[in-house]
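Participant: below: sequence and its predicted model.
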Amino acid sequence: MIGGWTREQIGGHPADVFRPPGRPRFGVLFLHPVGLETLAGDAAYSALFATNGLACVCPLAGASWWADKISPVFDPAVTPERHLLANVVPYFASEWGLRPPAIALLGISMGGQGALRLAFKHPATFPVVAGVASAVDYHDWYGRGTPLDDLYDSKEQARQDTATLHVHPSHHPAHLFFCVDPLDREWWRGNDRLHEKLAALGVEHQCDLATRAGGHSWAYFDAMAGRAITHLASGLEQQARRLL
C-alpha cells in the first residue's frame, strides 16, 4: 500500500485507513465500487488526501450496494448502512476527534450511489458528498443473478430505494457533487435523471455529465479525483465556518 495506508478492523469488518501527515482537520468516508477496490493503492486520491490533510476510511462491505438491508455477502445481522453509522463514523471520533459534520462522503460506482443515498437520508450527518460514476439506477441490475437479488423482492422495490427516490426538496446535503462520463452508457442516464430531479426541486448541486476520460474505468475515476476532493475540502471548510 502507498504510505499512510493501513488495514484495520472496524466493527468486526476490514477497512483501509489513510492517515495524512500531521493531525487531520476533516475526514472522508469512502464507499467502494462493486469490484471492492478501495483507494489504498490509488496515487491520485492518496496525494490529494495528504495535500488537503484529510483522513480517509474505506470500509469493505462486499457487493452489498451499501443498502440498509441485510446482505449475505456482508453480515448476517448488521446492514451496511447501519455499520457505517454505528461503527465507522464513531471510528473517526475515536482516532482523530472528528465528528459530523466534519466527515464527508465519497463513493465510486456502487459506492457513489451509496454515498449519495446515505447523504440524502442523513443530510445533517453528511452535508458534504461527492459521487463519481455513481450507479444511481442500480435497480436495472435486478434479476441478473447478482447479490442485488438477495436485497430486494422486486425491481420496483429496488428502484424505490435508489438515491433519486430519497431526495427531499427541503432536507438535503448542502454540498452535493456528482459526475459521470458520457461514454458510461450503463450509468449516465441515471445521473442525468438525478440532475433533472434536483433542478426541478430547486436543490442546489454541482454535476459534471460532460467530461470524457475513459468511460466507466479507473482512468475516469482518477481523472475526476481533483474535482471531487476539491469539492469535499471546500464543503467541509464552509461547514466548519458555520459552526464558529
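Facilitator: Sure thing, it's come through. Note that the coordinates shown come from a computational prediction; the quantities given were computed from them, not determined experimentally.

Participant: tell me the contacts of residue 225?
Facilitator: Contact criterion Cβ atoms under 8 Å, 6 or more residues apart in numbering gives 42, 44, 45, 48 as the residues in contact with residue 225. Using the backbone N, CA and C atoms, a C-beta is placed for each residue, glycine as well.

Participant: all strands of the chain, in order?
Facilitator: Using DSSP state E, the strands assigned to the chain run over residues 5-10, 13-18, 26-31, 54-59, 103-108, 128-132, 175-179, 206-208.

Participant: now tabulate the ones you listed in CSV and tack on mean neighbour count.
Facilitator: Rendered in CSV, the data for these read as follows (neighbours: other Cβ atoms under 10 Å):
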stretch, mean neighbour count
strand 5-10, 14
strand 13-18, 20
strand 26-31, 26
strand 54-59, 26
strand 103-108, 29
strand 128-132, 30
strand 175-179, 25
strand 206-208, 16
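
Participant: using TSV, please lay out the ones you listed together with distance to residue 241.
Facilitator: Compiled in TSV, those are given as follows (distance: least, Cβ to Cβ, whole Å):
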stretch	distance to residue 241
strand 5-10	30
strand 13-18	25
strand 26-31	12
strand 54-59	17
strand 103-108	15
strand 128-132	13
strand 175-179	12
strand 206-208	19
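
Participant: tell me the one of the contacts of residue 225 nearest residue 57?
Facilitator: The shortest approach to residue 57 among the contacts of residue 225 belongs to residue 45, at 12.9 Å (Cβ to Cβ).

Participant: mind checking how far that closest one is from residue 106?
Facilitator: When distance is defined by Cβ to Cβ, to the nearest Å, residue 45 is 9 Å away from residue 106.

Participant: which neighbours do these two share?
Facilitator: Between them, residue 45 and residue 106 share the neighbouring residues residue 229, with contact defined by Cβ under 8 Å, 6+ apart.

Participant: who wins for neighbours among the contacts of residue 225?
Facilitator: Ranked by neighbour count under the definition other Cβ atoms under 10 Å, the contacts of residue 225 are headed by residue 45 with 27 neighbours.

Participant: quick revisit: so which of the strands of the chain comes closest to residue 238?
Facilitator: Residue 238 sits nearest to strand 175-179 of all the strands of the chain, at 6.9 Å, using Cβ to Cβ.
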